[in-house]
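S.K.: Kindly generate the corresponding structure for this input.
(one chain, ligands or ions: 2)
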Amino acid sequence: MIVRNLQEAEKGNRRIVSEGWESTRLLLKNDNMGFSFHITTIYEGANLNLHYQNHLESVYCMSGEGEVETVADGKVYPIQPGTIYILDKHDKHILRAKTEMKMACVFNPPLHGKEVHNAEGAYELEAEEVSDNK
Ligand SMILES: CC(=O)NCC[C@H](N)C(=O)O
Ligand SMILES: [Fe+3]
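M.R.: Ligands and ions are numbered 1, 2, ... in the order given. Alright, predicted model coming up:
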């Protein structure tokens with residue numbers, strides 16, 4: 001069994017910071033679980049154009065307020081604590097944070113570790129691992 005601690009992980013290189021968000025990647029590909037698990041903070045006012053063409057993602061909101069819009073049909077879904085949005089069709093989406101939001105994110109296939117979005121808002125299938133194997 002593997003046991004980790006978010007506060008500890010946030011001090012190490014599992015914490016990836018990007019434009020409008022940061023993600024502490026607690027469970028990654030090299031844990032051989034078949035998915036990855038991250039605690040992601042979306043900064044207040046972030047407006048993220050995302051499109052995970054190579055991955056399936058589900059996102060559970062633990063705190064904060066925002067909305068997610070599916071680009072294909074322009075539908076806007078409010079996000080609040082308890083909301084899970086499930087990108088089952090690799091949906092191109094826009095994520096807007098009215099306040100800072102804390103999210104639990106699961107990716108299949110699992111991320112390697114250091115992924116940040118490419119120009120299309122996707123993650124490449126190949127990426128660098130974080131060297132912190134604890
Ligand atoms: C919620 C979201 O898509 N934020 C971007 C970061 C990504 N979810 C991640 O965990 O790496
Ligand atoms: Fe996402």
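S.K.: rest of the way, CA atoms for contacts and neighbours
M.R.: Will do.
S.K.: what separates the residue nearest the centre of the chain from Leu56, distance-wise?
M.R.: For the chain, the residue whose C-alpha lies nearest the mean C-alpha position (CA atoms, centre = their mean) is Cys105; its distance is 4.7 Å. Using CA to CA, to the nearest Å, we find Cys105 at a distance of 10 Å from Leu56.
S.K.: try Gly121
M.R.: Counting by CA to CA, the gap between Gly121 and Leu56 amounts to 13 Å.
S.K.: and what of Lys114?
M.R.: Counting by CA to CA, the gap between Lys114 and Leu56 amounts to 17 Å.
S.K.: quick revisit: which residues are in contact with the residue nearest to the centre of the chain?
M.R.: Cys105 sits next to Phe37, His38, Ile39, Thr40, Glu57, Ser58, Val59, Tyr60 when contact means CA atoms under 8 Å, 6 or more residues apart in numbering.
S.K.: Also near ligand 1: which of those residues, exactly?
M.R.: His38, Thr40 (CA under 6 Å from any ligand atom).
S.K.: pLDDT weak spots in this protein?
M.R.: Flagging of the chain using pLDDT under 70 yields the residue ranges 133.
S.K.: Where do the strands of it begin and end?
M.R.: In order along the chain, the chain carries the following strands (DSSP state E): 15-17, 21-27, 36-42, 47-50, 56-63, 66-70, 75-79, 84-87, 93-97, 101-108.
S.K.: Just put the ones you listed in a markdown table and tack on distance to Ser131.
M.R.: Rendered in a markdown table, the data for these read as follows (distance: least, CA to CA, whole Å):
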| stretch | distance to Ser131 |
| --- | --- |
| strand 15-17 | 12 |
| strand 21-27 | 12 |
| strand 36-42 | 16 |
| strand 47-50 | 26 |
| strand 56-63 | 24 |
| strand 66-70 | 33 |
| strand 75-79 | 33 |
| strand 84-87 | 29 |
| strand 93-97 | 29 |
| strand 101-108 | 20 |
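S.K.: Near ligand 1, which residues of this structure are found?
M.R.: Contact residues (CA under 6 Å from any ligand atom) of the chain with ligand 1: Ser23, His38, Thr40, Cys105.
S.K.: Go again with 8 Å.
M.R.: Within reach of ligand 1 by CA under 8 Å from any ligand atom, the chain has these residues: 16, 21-25, 37-42, 48, 50, 57, 59, 95, 103-107, 115-117.
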